Each structure stands twice: as structure tokens, then as C-alpha cells.
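Trainee: Sharing a model prediction with you, sequence too.
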Amino acid sequence: VYNFSAGPAVLPVPVLEQIRDEMLCLPGAGASILEISHRGGPFTEIIQSAEANLRKLLDISDDYAVLFLQGGSRLQFSMIPINLLGEGQSADYILTGSWGKKALQEAQKEGKTRVAFTAKDSGFDHVPAEGDLDLDPNAAYCHYTCNETIEGVQFAGEPDTGDVPLICDASSDFLHRKLDVSRYGMIYACAQKNAGPSGVTVVIMRKDLAERSGDNLPSYLSYKNHVQEESLGNTPPTFGIYVVDLVAKWLLNEIGGLDKMFDRNKAKALKLYDVIDAHTDVYKGHAQPHSRSVMNVTFNLPSDELTSRFLSEAKKHKLDALKGHRSVGGIRASIYNAMPIEGVDALASFMTDFAKSC
Ligand code: PLP
């Protein structure tokens, strides 16, 4: 079955095979990854390797800390303002979809916010064009979501926020291409799309920003604390970190780095968008063409009845989890890094046949 789930999602087969082979006994540990101490030698090697491999993939400099946290990206929605939004300051939010809206709602509970851009009126179908942003030059930070998983809307590059630290929710396209990390104050991503299993969230943060954390915060909520403790202030999500390391190694050694991964991802997405564009009487892409996501391809059919038929026939062709998010309906094909080209070919060919049958 080809699994087009938006997350938790597909993992690379060689990574799954290695997990299976090492599950009972991690080489050098004499026990399972599920059984070893987070303070012992074997796990120390794993967490250091995961960090080093992420640094290698994204060219992350020593000015940035790499953290492995729990609580999903949702906890980041709150930790960001709790740590980085000082008394009397305001934070800017760029809204291109449902997750950005949720991040804003959580921040509003913690302090003052502004909306620097919203695509709500057009149903979140595009990213801002140059000149569309209404930025506050004194903002504590500016937050955006580089890939909106639900709407399938993605930035091709980062917005320019000048000296205001840019914070990116990269949950659904982390590691799908190379980023210029130096342009960001912070990048965060729950792992369960491109980087590993649910339960671990990667945070890449400029170390000077972590210094903003107040001293009286609950220790788990303090970035400063996590940086000082190197993610080991409490028991970290050990299994998740182990898998992130395996995925990073797969990207480095089998794929050949993030530029190669991006080439593959673009080729996969193009196949699906080509079918959508060739059958506009049946498929209506949600995102405007310049904002189309390489990770989550979203489209609608003319009626609920056709949508249900599409989903049930797709299932018979072993094409699974294509139902759009419950809040927007339609179809969503999530084609993360680990989705093989064969899966996309199978879906593209099914879509073409289905359109012809309508
Ligand atoms: N942000 C984006 C862009 C997402 O796609 C998701 C989950 O799908 C989240 C945030 C929330 O992540 P979590 O469920 O790990 O809190």
C-alpha cells in the first residue's frame, strides 16, 4: 500500500529495516534502544550523531543550538512567545494557513501579536508576494509556516524580515530541501513527516535568542535551560532521536544530501500537478500555482460524491490516506521525502484514468 498520510507518515524503507534489525539489541549497547539510559555511552553517541548529521545536512553553524524536544510543534506555538516575547513587545505572524493561525492563537494567550499578512480571505491559497508584508520593524520576532500541511501552500524561499528574528514552523517540509539557516532566528519541526516518528521535535535556535528566556520559567518550557542541558534536562524521546539520526544518515549517505532530495521531491510533485492541470474539468488544485506545495498536493473534485468515489477507488488501487484534512475536505496527497517515485507514478496514473472515467 502506498501511504499518502500527512503524518505520522512514510519512513524510508532502509531506515525501517535497520530499526527492525536493531530493535532487540542495538550494536554496542547489549540491549534495545528502548531499554538504554539516556545518560549512558551508547545513547550519548546517538544524540551527538543526530545533531552532527543535522548540522552537516543544513550547514548549521555553532551560533545555533540543535535541540530535541517533546510536546510536538504545538508546544512550540506556546514556548516561542513564552520565551521570546518580552514585556511590552509585540510579535508578527504571517498567516498562510491553518497551522499559522493556530500558532497565532496560542501566542495571543501569552502576549501582544500583530498579523503581518493573512491569506484568509482567499481560503489560504497563496503565500505573500513581495511587498505584501506589513512588518513591524520592532517586533520581537516574525513567525511563519513555510509549508501549510492542510492547505498545501508552501513558500519557495524565506520572507525578508530585516533585523527581526525570523521563526519558521517547518514541521511538514523540514529536510525536504536545503535552507540558509543563517537567515533564521529559529526553525522548528515535529519529526513525524520527514524526519522520524512522532514524539520528537527538532528545534534549531540562534543561541543568543535562547538567552531571552526568563529565569522563572518552568524548566521544561525554557529554551535557555534546554540549550544549557543539551536536550538532556529530563529524559528525552530517545527512540525518536535514534530514528532522526537514521533518517539523517539516509539523507546523507543514500540520497546524497538535501539538494538531491529536493530534485526528487520537485519531480514527484510535478507529476501530480501535471495531472491536475491536464484535467481541470475534474481536478481543481487548492493552492495558486506559485504557492503550490512540493510536500502536500491538495485538490478538490466537483462534488462530494465524486470525492468519495475517488477515495474508495484509490483504496482499491492500494493508494491510501488521500482524504483531505477534516477542516477543508477534498483530496490531499502527502508526498514526503520517503514516498518513492513509484508511489507517485501509481497515483498519477490512477488520477488520469479516474478523470477519463468521469
Ligand atoms: N505545524 C504544522 C505545519 C503541522 O503540519 C503540524 C502537524 O501536522 C503541527 C504544526 C502540529 O504538530 P504536532 O501535532 O506535533 O504538535
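Mentor: Structure's in. What do you need?
Trainee: contacts, neighbours, all on C-alpha from now
Mentor: Noted.
Trainee: Now do the contacts for the residue in the chain positioned nearest to the ligand.
Mentor: Of all residues in the chain, Gly72 sits closest to the ligand, at 3.3 Å by C-alpha to the nearest ligand atom. Neighbour list for Gly72: 190, 198-201 [criterion: C-alpha atoms under 8 Å, 6 or more residues apart in numbering].
Trainee: How many residues are close by Gly157?
Mentor: Neighbour count of Gly157, defined by other C-alpha atoms under 10 Å: 9.
Trainee: actually Gly152, not the one I wrote
Mentor: For Gly152, the neighbour count with other C-alpha under 10 Å is 29.
Trainee: Then Phe155?
Mentor: Neighbour count of Phe155, defined by other C-alpha under 10 Å: 20.
Trainee: Neighbours of the residue nearest to it when sequence neighbours are not counted, how many?
Mentor: Nearest residue to Phe155, sequence neighbours excluded (C-alpha to C-alpha, 6 or more residues apart in numbering): Cys146, at 5.3 Å. Counted by other C-alpha under 10 Å, the residues lying close to Cys146 total 28.
Trainee: Quick one: residues contacting Cys146.
Mentor: Counting by C-alpha under 8 Å, 6+ apart, Cys146 touches 154-155, 158, 168-170, 173.
Trainee: Counting neighbours, which of those residues end up buried?
Mentor: 154-155, 168-170, 173 (16 or more other C-alpha atoms under 10 Å).
Trainee: Could you tell me which ones among those residues also sit near the ligand?
Mentor: Asp169 (C-alpha under 6 Å from any ligand atom).
Trainee: Mind putting the buried ones among the contacts of Cys146 into JSON lines with pLDDT, secondary structure and distance to Val66?
Mentor: As requested, these are exported to JSON lines (pLDDT from 0 to 100; DSSP: H, G, I helix; E, B strand; the rest coil; distance: C-alpha to C-alpha, whole Å):
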{"residue": "Gln154", "pLDDT": "98", "secondary structure": "strand", "distance to Val66": "24"}
{"residue": "Phe155", "pLDDT": "98", "secondary structure": "coil", "distance to Val66": "23"}
{"residue": "Cys168", "pLDDT": "98", "secondary structure": "strand", "distance to Val66": "14"}
{"residue": "Asp169", "pLDDT": "98", "secondary structure": "strand", "distance to Val66": "15"}
{"residue": "Ala170", "pLDDT": "98", "secondary structure": "coil", "distance to Val66": "14"}
{"residue": "Asp173", "pLDDT": "98", "secondary structure": "coil", "distance to Val66": "17"}
